[in-house]
Each structure stands twice: as structure tokens, then as C-alpha cells.
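Novice: Any chance you can model this:
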Amino acid sequence: MEFKLEKEDALSKARAGVMTTDHGEIKTPIFMPVGTTGTVKGVHQRELAEDIKAQIILGNTYHLYLRPGIDIIEQTGGLHKFINWNGPILTDSGGYQVYSLSERRKIKEEGATFSSHIDGSKHLFTPENVMDIQRTIGADIIMAFDECTPYPCDYKYAKNSMHMTHRWLKRCCEHFDNTDPKYGYSQSFFPIVQGSTYKDLRKQSAEKIASFEREGNAIGGLSVGEPDDEMYEMCEIVTGILPKDKPRYLMGVGTPINLLENIALGIDMFDCVMPTRNARNGMLFTKNGTINIKNKKWEADFSPIDPEGTSYVDNFYSKAYLRHLIISKEILGAQIATLHNLSFYLWLVEEARAQIVAGTFYDWKKQMVKQLSQKL
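Specialist: I've put the predicted structure just below:
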């Protein structure tokens, strides 16, 4: 993978760049729709490519490992072929899912043992076998196996966890470097900064991660319940340390405002289930604020869902019709809302990039944050 930094904003740390993988280019900053189990819920791959214009999507190692299973994915020639997606894919390592299974897992130096949420069967993830699993899934970018600490988290636990994550990272790197891709194209490996919300730990972790000199770097353990201001503070510390000539990926973030504020801090890549999950619950994101389509005020509103929207659904269906579908729990309602939200997220990062290139990002971002804060 190659990364070329094209433009930096004069009044913030915002950057525009291009990542080049064997499955295509990714213009940054970028948002990656989450396809946890090999599907972005309710969205066809054709819609992802042609309507939403997703440049890269995300899959989850934990879920794909359990179902359909690594053997099935390998038999079809990797995840790209299994799901019929020709663009880049990133897989996370399953560390966050193991973290979320607090009642079903045990973490020790060897790795993490956990019980499947599907059938209760016992499994072990280690830095080595997680690299093997991601090699077999075949994503263009694969992530280190780490421990995601909860929030709040006491200092001693955060410190011990961070050091274990660093030891796991060394094992990940050694195993990754001693294995080869399976499907004839290259794979890149990103380590993950941890350290909870402690400044000194984040600084230590960022310095350690940078010393591995991999093709990109990620920031984990945020957006787990901490206030936004603490998230921004941690990101500012870390982006001041991570190398400028490599992409920076903030995992699991977040709201449209979170994206803009973190772009201003020098983040290049994002993923989050928020646009799809909120869509299924009737929450729409627009340039002028959020819409709860379940509210009665939209019951007889026959205007387009979003006249300024970028998806074909935005002017094709009315607010009243979408409200009816969501209230009735019709599958089509979730599909329409998901297409709208993902299109908006992709528009937001694309426009942020255009503003960075034009040298107008700082003022544009301030105005957009005001608009996005409104509830319509």
C-alpha cells in the first residue's frame, strides 16, 4: 500500500491524501461503511459502489471467523470474491468484539479465550492466529490484535493492558512478516494505539506504535463512552506523534461532528455503525441537522426526505412515506434510511477533502458543526 499526502490545511491539522491498494485508490479523509459479517446491513454491493460510492468497506474478523467460517471464505478465494466486492476491504482484528464480550471472555498473555455468542462454543484468539485468520479473509488492510480497555478504566489496568497490547503487537508483526498473502495481492498491517484517556499512556503508546514503522497506524480504545472532549484530547496527542507520511485510522468513530473535529486533528480514516444502526431506528443525518423520522411532525410531510441529499432515495421518497415504513417496521424503510445516512457520511468526508484542497476547510468546518448540531 502507498500513501501520498496531497494537501495540508493551514489553520488545522486536516490533510487530504490518497491511499493506493491492489484493489483501488482511497481518497482521504474517508469513511468506511461497516460490513460486519460480509454485508453492510440492507445495502447491495452495487448500491455501495454506484450510489453511496464507498471506496472501502470494513469486515469483522470475529464475526466472519464464527460465521460463515474461515474455510468457506478460503474455498471461494477470499472475502472479496465471497461477497462480490471489487474495492478495498479492511478487517478489524476482533479485539473490540472480544472486549464487548465481558461476561464471555478471559484475557491472558497467550491471547483471549471467549465463548461464541452464537452457540457458546469456546475459542482462543492469539496474535498469531488472528494474523492467519485475516490472511485467509484476505482484506487489503488488516489490524493488530489488541485489548480495547473500557471507560472508565483505572490507570493501573490501562497501563498493564497497553503494555500487553504492545507485546501482542510484536508477535503480530513477527507472524505477519513470516507469512504471505493467499490470493495474489498484497496486504498491509496497521498497529493500534491504546492507553485509555491517560495522556502519558497515549503518548507512550503512540511512540511505541510509530517505532514499528508499519504502512499505517490506528487509534483504538476511544468512542467507548468517554466525553467527546476527552476523545479529541487523546487524538490530538497521538496525531502529534504518529508519522505524517502514513495514514491514521480512528477506530469506531463516530457522529458527523466527531468526524469533522477529528479530521481537523489529522485523522484520515473512520468507521462506525452509527449511520446504519441509527438509520434502522429512524434517525437521519443531514447537512442541516438530524431528523427523527418517527416524530409525528413528519406524518403528513410529503416533501422529499432530503432535497439536498446525494442518494437517489433522497428525492424519490417523501418523509411521510419513510416515516410510515419505519413506524411499520418495513424492511424497505431501513434500507432507504441506510442509503441516505451512508450517502451523507460519504458526502461529508468527500466535501471535507474538497475544502482542505481548496484551503477553506477551517471556516467550512466551523459552520458545518453548527448546522449538524441542530435537531430538525
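Novice: Quick one: residues contacting Cys173.
Specialist: With contact taken as Cβ atoms under 8 Å, 6 or more residues apart in numbering, Cys173 is in contact with Ala144, Phe189, Pro191, Phe212, Arg214. Quick note: C-beta positions are derived from backbone N, CA and C, even for glycine.
Novice: Revised request: answer the last question for Met269.
Specialist: Thr28, Pro29, Ile30, Met32, Gly216, Pro247, Arg248, Tyr249, Leu250.
Novice: which one of the contacts of Cys173 sits closest to Tyr312?
Specialist: Checking these against Tyr312 with Cβ to Cβ, the nearest one is Phe189 at 37.3 Å.
Novice: Counting neighbours, what do you get for the closest one?
Specialist: The burial count assigned to Phe189 is 20, neighbours taken as other Cβ atoms under 10 Å.
Novice: In this model Cys172 seems to touch it, though I could be wrong.
Specialist: Yes: in this structure Phe189 lies within contact range of Cys172 using Cβ atoms under 8 Å: 7.3 Å.
Novice: Now do the shared contacts for these two.
Specialist: Shared between the contact lists of Phe189 and Cys172 (criterion: Cβ under 8 Å, 6+ apart) are residues Ala144.
Novice: one step back: ok, the contacts of Cys173 vs Lys199, which is closest?
Specialist: Within the set of the contacts of Cys173, Pro191 lies nearest Lys199; the separation is 19.6 Å, counting by Cβ to Cβ.
Novice: OK, contacts around the closest one?
Specialist: For Pro191, the contacting residues are Ala144, Leu169, Cys172, Cys173, Ile209, Phe212, Arg214, Asn217, Ala218, by Cβ under 8 Å, 6+ apart.
Novice: Which of these has the largest number of neighbours?
Specialist: Ranked by neighbours (other Cβ under 10 Å), the contacts of Pro191 are led by Ala144, which has 30 neighbours.
Novice: can I assume that one is in contact with Arg167?
Specialist: No: with contacts defined as Cβ under 8 Å, Ala144 does not count as touching Arg167, sitting 11.2 Å away.
Novice: Determine the three-state secondary structure at Ile142.
Specialist: Remark: Ile142 carries the secondary structure label strand [criterion: DSSP: H, G, I helix; E, B strand; the rest coil].
Novice: Does it touch Met131 like I think?
Specialist: Yes: assessed by Cβ under 8 Å, Ile142 is found in contact with Met131 at 7.3 Å.
Novice: shared neighbours of these two, anything?
Specialist: Between them, Ile142 and Met131 have Phe176 as joint contacts when contacts are counted by Cβ under 8 Å, 6+ apart.
Novice: Give me the helix or strand of the chain that scores worst on average pLDDT.
Specialist: Within the chain, judged by mean pLDDT, DSSP states H and E, the helix or strand with the poorest mean is helix 95-100; its value is a mean of 72.
Novice: Mind listing residues that contact the helix or strand following that helix?
Specialist: For helix 95-100, the following helix or strand on the C-terminal side (DSSP states H and E) is strand 105-107. Residues from elsewhere that reach strand 105-107 (Cβ under 8 Å, 6+ apart): Val98, Tyr99, Ala112, Thr113, Phe114, Ser115, Glu147, Met164.
Novice: For strand 105-107, list every residue counted as buried.
Specialist: By neighbour count, with 16 or more other Cβ atoms under 10 Å as the criterion, the buried positions of strand 105-107 are Arg105, Ile107.
Novice: Partner strands of that strand, with direction?
Specialist: With DSSP bridges as the test, strand 105-107 is paired with strand 112-115 (antiparallel).
Novice: can you give me the strands in the stretch 251-376 of the chain?
Specialist: 269-271, 283-286, 289-292 (DSSP state E, counting those that start in this stretch).
Novice: would you turn these into a markdown table with distance to Glu230 and mean pLDDT?
Specialist: Written out in a markdown table, the entries for the strands of the stretch 251-376 of the chain read as follows (distance: least, Cβ to Cβ, whole Å; pLDDT from 0 to 100):
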| stretch | distance to Glu230 | mean pLDDT |
| --- | --- | --- |
| strand 269-271 | 18 | 98 |
| strand 283-286 | 23 | 98 |
| strand 289-292 | 23 | 98 |
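Novice: Tabulate these (a markdown table), appending distance to Leu259.
Specialist: Output for the strands of the stretch 251-376 of the chain, formatted as a markdown table (distance: least, Cβ to Cβ, whole Å):
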| stretch | distance to Leu259 |
| --- | --- |
| strand 269-271 | 6 |
| strand 283-286 | 10 |
| strand 289-292 | 14 |
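Novice: Out of those, which gets nearest to Tyr317?
Specialist: Set against Tyr317 and scored by Cβ to Cβ, the strands of the stretch 251-376 of the chain come closest in strand 283-286, at 11.7 Å.
Novice: Tabulate the contacts of Met269 (TSV), appending pLDDT and distance to Gln367.
Specialist: Listed next are the contacts of Met269 as TSV, based on pLDDT from 0 to 100; distance: Cβ to Cβ, whole Å:
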residue	pLDDT	distance to Gln367
Thr28	98	22
Pro29	98	18
Ile30	98	22
Met32	98	26
Gly216	98	31
Pro247	98	27
Arg248	98	25
Tyr249	98	26
Leu250	98	23
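Novice: List the ones among those that fall in helices.
Specialist: In helices, judged by DSSP state H, none of the contacts of Met269 are found.
Novice: For Ala54, state which of these is nearest.
Specialist: Each of the contacts of Met269 was checked against Ala54 using Cβ to Cβ; the closest is Met32, at 7.4 Å.
Novice: So what's the residue count around the closest one?
Specialist: 25.
Novice: Next: Ser211.
Specialist: Other residues lying near Ser211 total 10 when counted by other Cβ under 10 Å.
Novice: try Tyr157
Specialist: 13.
Novice: if I read this right, it contacts Thr149, doesn't it?
Specialist: Yes: under the contact definition of Cβ under 8 Å, Tyr157 touches Thr149, with a separation of 6.7 Å.
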